[in-house]
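Colleague: Structure for the following, please:
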Amino acid sequence: MDKTWPDVFGKMSRLDKGLAIVVVLGLTVAGVSLGRSLRDDRVQIEYLESETQEAIYIDIEGAVMTPGVYTLAIGARLKDLLVASGGYSERADREYSQKNLNLAEPLKDGQKVYIPELPNTPSVPGYAEAKSGQKMVNVNTATATELDTLWGVGPSKAEKVIQNRPYGTLDELVAKGGLTRQILEKNQGVIGLY
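Modeller: Numbering: from 1, shown residues only. All right, here's what the predicted structure looks like:
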């Protein structure tokens, strides 16, 4: 009984041949659909995991034993990140860190933390965005020496600012030729009218 598929297929009636073709096509479609659904389930599971995030990723650099990106639980604090990275290295500026880093600070996903090294420690403590080390300068009453402390303002620009007083708005500093728009923008937060 060495019958081949063409021998068997050739002896079938026309109706049986049609049914056999439909069954083979149905099995093929079912197999392809099953394969695709298995791949789609895997992608869907990854998508669901990212939606129900149970971890955060934090980058810590600078004077720690093992800098890099760490995965921590939601609600982790800066102290947890320091422990995960092996703690301060021998080059860490511990005095600066004690004064300026809040170990109880909650971390956010995607945050970057930098621990300063001794030679690279910022000269002005605190966050650079929050503290510039300068007091507020009133352009209507400041002396030439006080105006000279502003970014991009030298003795000659300070004299122009003084000559064109009073100013009703900061934009008048530019309009009256005392400062350029760039200098005004760079000094935003330390220059004012009062």
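
Colleague: gap between the two ends of stretch 72-92?
Modeller: In stretch 72-92, first residue to last residue: 23 Å (C-alpha to C-alpha, to the nearest Å).

Colleague: Show me what counts as buried in it.
Modeller: Buried residues in stretch 72-92, counted by 16 or more other C-beta atoms under 10 Å: Leu72, Ala76, Leu78, Asp80, Leu81, Leu82, Ala84, Ser85, Tyr88, Ala92. Heads up, the C-betas are built off the backbone N, CA and C, glycines and all.

Colleague: What sits closest to the fourth one if chain neighbours are left out?
Modeller: Okay, so that is Asp80. Distances taken as C-beta to C-beta, 6 or more residues apart in numbering place Leu72 nearest to Asp80, at 5.8 Å, with adjacent residues excluded.

Colleague: Name the nearest of the buried residues of stretch 72-92 relative to Ala63.
Modeller: Ala92 (3.5 Å; C-beta to C-beta).

Colleague: Run a quick neighbour tally on the nearest residue to the closest one once chain neighbours are set aside.
Modeller: Leaving out its chain neighbours, the residue that sits closest to Ala92 by C-beta to C-beta, 6+ apart is Ala63, at 3.5 Å. Neighbour count of Ala63, defined by other C-beta atoms under 10 Å: 21.

Colleague: check contacts around Ala63.
Modeller: Contact analysis of Ala63 by C-beta atoms under 8 Å, 6 or more residues apart in numbering lists Tyr88, Ser89, Arg91, Ala92, Asp93, Ile115, Pro116, Glu117, Leu118.

Colleague: Which residue ranges of the chain form helices?
Modeller: Secondary structure of the chain by DSSP state H: the helices cover 5-11, 14-51, 78-84, 94-100, 144-147, 155-163, 171-175, 181-186.
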